[in-house]
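Provided below are the primary sequence and the corresponding predicted coordinates.
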Amino acid sequence: MLKLKVNEIDIEVEEGLTVLQACEQAGVEIPRFCYHEKLSIAGNCRMCLVEIEKSPKPIASCAMPATEGMNIKTNTSKVEKARKGVMEFLLANHPLDCPVCDQGGECDLQDQSMFYGIDKSRYKENKRYVPEKYMGPLIKTQMTRCIHCTRCIRFATEVAGVPELGAIGRGEDMQITTYLEKSMESELSANVIDLCPVGALTSKPYVFEARPWELKKTETIDVMDAVGSNIRVDTYGWEVKRILPRINEDINEEWISDKSRYACDGLQNQRLDIPYIKKDGIFEKSSWEEAYEIISKKIYSTSSDEIAGLTGDLTNMETLFITKEFFSKTIKSSNLDSRAEHIFVNNDERSNYLFNSTINAIEESDFILLVGSNPRYEATILNARIRKSYLKNNTEIYSIGDLGNLTYPYTVLKNTTEIIKEIIEDKHEVSNKIKNSKKPIIIVGQSVLKLDSANYIIEKIKEYLKYNNKINNEWNAFNILSNNASTVGSYDLNILSSKEKNNKVLNGIENNKFKILFLLGLDDINFKKNNEFIVYIGSHGDKGAEISDVILPGAAYTEQDGFFTNLEGKIQKAYKASYPPGEAKEDWLILNELASKIKSKKLYKNKDELEKSMMNYLKLTNNEKNKKNFENFRFVNEKIILNEIDYYYSNVIARSSKTMSRCRQEKMKLKETGTEG
């Protein structure tokens with residue numbers, strides 16, 4: 001520990017900290033524009049100047065290491081004069097755009113000029129003008145406002161891994177730009193908007209929509225992938241205007257993916273706001289009572305074995321649990337599943353389907369093997385952690401199959417199951433790398449779970465890791481990368497009709513064995529409809545609603561409270577930020593009312609009772625889960641075909657979003673012109 005003084009107060013700080021960090025530990029605020037905790041030090045805005053005893057001039061505290069015996073002063077007249085001078089320089093060319101700038105009310109320059117600046121300028125020359133730059137459909141530029149803090153450049157290069165932003169020119173002619181005047185390609189690109197301390201980079205879809213003080217802010221959870229990023233939903237009235245990241249160092253740090261941030265405009269489009277009944281092939285508006293009546297009559301006249309249900313990818317855990325109760329208690333059917341594809345799952349032990357190493361611990365890893373997974377598109381935030389691990393530890397990364405640009409270098413292995421067999425039989429170079437590494441990570445993607453030898457791969461990899469002590473009390477190297485927000489929660493609640501790859505419900509649906517089919521927010525299903533009576537409960541008029549006979553309008557994730565379990569097994573609560581449109585109801589309520597119609601008794605009196613019952617069930621089942629492993633291993637030498645991921649159209653909300661459509665078109669344009677990275 002180092003002993004030093006800050007404003008005549010003695011403090012102790014760790015070695016390796018900068019003067020700015022030491023001052024912050026002492027509770028002293030230092031203004032800054034270029035410095036950011038998650039980015040490398042640039043030291044080019046000079047706003048963080050402080051005085052150090054025996055130093056002839058003020059020093060930039062962000063770039064100066066703290067040393068033993070330093071006497072730092074942050075409140076002297078010399079420091080005050082230096083900061084005012086720096087602020088005067090920064091504002092010399094900055095336009096007076098505050099009344100029309102989207103950054104107004106959240107602008108670091110505005111706040112700091114009020115506190116540290118002066119009320120007049122000595123510069124009478126004309127302000128410079130910088131032409132706007134094209135950065136794609138998400139980022140609006142007004143580069144005349146830019147103060148050259150270079151935060152955006154450092155983020156793009158270091159965190160996002162797309163070094164396509166940079167500075168050209170020198171002095172007053174310096175400009176921040178994309179070198180080829182094309183859209184930024186990263187799925188994390190819009191984080192530069194939050195990083196920009198002025199209004200040079202603002203949100204294009206949000207432009208002139210609202211002022212920050214007019215918005216109601218709700219802290220909640222993102223559902224666009226299985227990571228469970230912490231977000232803040234800002235609403236104007238009951239319309240979701242924007243989504244921003246919340247800091248959670250264990251999950252998403254302070255970043256979110258572009259899809260998490262911008263798919264929210266899909267909450268306004270193609271919404272179901274009234275029940276519909278299909279008559280002679282045409283949907284007609286209905287009342288809730290009439291819709292319930294038709295469904296209950298159908299259920300009365302159908303055997304419970306001929307009724308099935310599938311749950312969707314954005315469904316919260318309360319809805320999943322009441323669906324399970326509805327099927328087991330109300331209609332006495334066991335034909336309920338959460339898988340829309342034939343995927344192998346062994347949920348006897350929770351670690352069989354979790355990302356066991358945890359997202360945060362990726363940074364400690366020294367070897368990573370990707371098996372049939374593309375983390376860049378399946379879990380963007382997790383991919384950023386892998387890149388961070390590579391930069392920090394020089395982590396060796398191997399992938400079975402070529403995944404294209406993942407933003408970090410990796411060694412490609414042949415994409416067959418034979419390679420996996422060789423690795424676990426110690427016949428491959430990767431075997432030694434796993435054994436010699438202290439904290440290896442094996443990431444198994446959903447593509448592997450579709451294989452005929454999925455059971456063999458999962459169980460044998462686990463067996464191999466246990467034998468080599470890579471699964472122990474301190475570290476678990478085995479990880480499954482889930483794609484959907486509801487996946488882990490549905491496995492925890494045991495919403496599975498069978499554990500085999502060929503699941504019972506899907507087989508029955510594909511062979512038209514069921515007479516009634518419930519789709520709970522499920523749209524990604526491909527089967528040839530025969531005479532099935534399909535009930536769709538969901539928020540958007542998408543593929544599921546299209547094939548249904550009765551549509552019951554539900555709520556989106558911002559319109560109801562609900563728990564979600566992320567891919568590493570953390571249960572988090574999403575909070576209600578707005579209301580469902582029209583006559584739409586919360587999903588759990590629809591099933592509760594339907595149960596009351598069928599059995600004249602509600603499953604639960606209220607949401608609290610449902611929540612309590614669900615938590616008790618989770619506690620009980622997780623304690624009782626036996627750790628038996630499957631024994632019927634079957635190895636098949638087959639090619640691992642990676643899932644085709646339509647990143648910007650991965651769920652109903654994203655498919656309804658105009659912004660996601662524009663991003664998708666931009667991506668396709670880059671592919672056609674051959675300028676894609």
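Yes, it's here.

Need the contact partners of stretch 425-445.
Here stretch 425-445 makes contact (CB atoms under 8 Å, 6 or more residues apart in numbering) with 355, 357, 361-362, 364-375, 378, 396, 398, 413, 419, 422-424, 457-458, 461, 465, 468, 470, 475, 477-481, 642-643. Quick note: C-beta positions are derived from backbone N, CA and C, even for glycine.

Which of these fall in strands?
In strands, judged by DSSP state E, the following of the contacts of stretch 425-445 are found: Phe367, Ile368, Leu369, Leu370, Val371, Glu396, Tyr398, Leu413, Phe478, Asn479, Ile480.

Would you mind giving these as JSON lines with pLDDT, distance to Ala555 and neighbour count added?
Formatted as JSON lines, the entries for the ones in strands among the contacts of stretch 425-445 read as follows, by pLDDT from 0 to 100; distance: CB to CB, whole Å; neighbours: other CB atoms under 10 Å:
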{"residue": "Phe367", "pLDDT": "94", "distance to Ala555": "44", "neighbour count": "23"}
{"residue": "Ile368", "pLDDT": "95", "distance to Ala555": "38", "neighbour count": "26"}
{"residue": "Leu369", "pLDDT": "95", "distance to Ala555": "40", "neighbour count": "27"}
{"residue": "Leu370", "pLDDT": "94", "distance to Ala555": "36", "neighbour count": "24"}
{"residue": "Val371", "pLDDT": "93", "distance to Ala555": "37", "neighbour count": "26"}
{"residue": "Glu396", "pLDDT": "94", "distance to Ala555": "45", "neighbour count": "18"}
{"residue": "Tyr398", "pLDDT": "94", "distance to Ala555": "43", "neighbour count": "21"}
{"residue": "Leu413", "pLDDT": "92", "distance to Ala555": "45", "neighbour count": "21"}
{"residue": "Phe478", "pLDDT": "94", "distance to Ala555": "36", "neighbour count": "23"}
{"residue": "Asn479", "pLDDT": "94", "distance to Ala555": "32", "neighbour count": "27"}
{"residue": "Ile480", "pLDDT": "94", "distance to Ala555": "29", "neighbour count": "25"}
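
Of those, just say which sits nearest to Phe635.
Distance to Phe635, by CB to CB, is smallest for Val371 among the ones in strands among the contacts of stretch 425-445, at 14.8 Å.

longest single helix anywhere in the protein?
Ranked by residue count under DSSP state H, the longest helix found in the chain is helix 607-624.

my guess is Ile645 contacts Arg376, does it?
No - Ile645 lies out of contact with Arg376 (CB atoms under 8 Å); the separation is 9.1 Å.

Can you list the buried residues in stretch 323-334?
Counting neighbours by 16 or more other CB atoms under 10 Å, one finds that the buried residues in stretch 323-334 are Thr323, Lys324, Glu325, Phe326, Phe327, Thr330, Ile331, Ser333.

got it, and stretch 145-164?
Of the residues in stretch 145-164, those scored as buried under the neighbour-count criterion (16+ other CB under 10 Å) are 145-157, 159-162, 164.

Any idea how far apart the tips of that stretch sit?
Counting by CA to CA, to the nearest Å, you get 21 Å between the two ends of stretch 145-164.

quick one, what contacts the closest residue to Ala42 other than its chain neighbours?
Nearest in space to Ala42, with sequence neighbours left out and distances taken as CB to CB, 6 or more residues apart in numbering, is Cys34 at 4.7 Å. Taking CB under 8 Å, 6+ apart, we find Cys34 in contact with Ala42, Gly43, Asn44, Cys45, Met47, Cys62, Cys149, Thr150, Arg151.

any idea how far the residue lying closest to Asp313 once chain neighbours are set aside is from Glu510?
Beyond its immediate neighbours in the sequence, the residue positioned closest to Asp313 (CB to CB, 6+ apart) is Asn484, lying 3.7 Å away. Distance of Asn484 to Glu510, given as CB to CB, to the nearest Å: 21 Å.

Could you do Cys45 as well?
Following CB to CB, the distance that separates Cys45 from Glu510 is 61 Å.

More neighbours: the two, which one.
The residue with more neighbours, out of Cys45 and Glu510 and counting by other CB atoms under 10 Å, is Cys45; that gives 23 against 14.

Tell me who's in contact with that one.
When contacts are counted by CB under 8 Å, 6+ apart, Cys45 is found next to Arg32, Phe33, Cys34, Tyr35, Val86, Leu90, Ile147, His148, Cys149.

Go through these and flag which are in helices.
Residues from the contacts of Cys45 lying in helices, with DSSP H as the criterion: Val86, Leu90.

of the contacts of Cys45, closest to Glu125?
Leu90 (15.1 Å).

Could you pull up the contacting residues of the nearest residue to that closest one once chain neighbours are set aside?
The shortest distance from Leu90 to any non-neighbouring residue, by CB to CB, 6+ apart, is to Ile147 (5.2 Å). Contact analysis of Ile147 by CB under 8 Å, 6+ apart lists Phe33, Cys45, Leu90, His94, Leu109, Pro197, Val198, Ala200.

tally of neighbours for the first one?
Put plainly, it is Phe33. Residues lying near Phe33 (other CB under 10 Å) number 26.

Now the terminal residues of stretch 442-455, how far apart.
The stretch stretch 442-455 measures 16 Å between its terminal residues, going by CA to CA.

ditto for stretch 197-215
The distance separating the two terminal residues of stretch 197-215, taken as CA to CA, comes to 20 Å.

what's that stretch in contact with?
Contacts of stretch 197-215 with the rest of the structure, by CB under 8 Å, 6+ apart, involve 33, 94, 97, 101-109, 135, 137-147, 149, 151-152, 176, 190, 192-193, 196, 234-236, 241-242, 262, 265, 659.

Produce a ChimeraX select command limited to the buried residues of these.
The ChimeraX command for the buried members of the contacts of stretch 197-215 (criterion: 16+ other CB under 10 Å) is given here:
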select :33,94,97,101,102,103,106,107,108,109,135,137,138,139,140,141,142,144,145,146,147,149,151,152,176,190,192,193,196,234,235,241,242,262,265,659
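
Below-threshold pLDDT in this structure: ranges please.
Across the chain, residues meeting the criterion (pLDDT under 70) sit at 623-633, 674-677.

just to revisit the earlier point, who touches both of Ile645 and Arg376?
Residues touching both Ile645 and Arg376 (CB under 8 Å, 6+ apart): there are none.

And the two? Which one has more around it.
The neighbour count for Ile645 versus Arg376, taken as other CB under 10 Å, is higher for Arg376 (24 against 15).

leaving aside the residues next to it on the chain, what's closest to that one?
Distances taken as CB to CB, 6+ apart put Asn383 closest to Arg376, at 4.6 Å, once the chain neighbours are dropped.

did I read that right, the one you found in a helix?
Yes - with the criterion set as DSSP: H, G, I helix; E, B strand; the rest coil, the secondary structure at Asn383 is a helix.

Check whether it really touches Pro375, as I assumed.
Yes - with contacts defined as CB under 8 Å, Asn383 counts as touching Pro375 at a distance of 4.0 Å.

Quickly list what's touching both of those two.
Here Asn383 and Pro375 share the contacting residues Leu406, scored by CB under 8 Å, 6+ apart.

Alright, that wraps it up for me.
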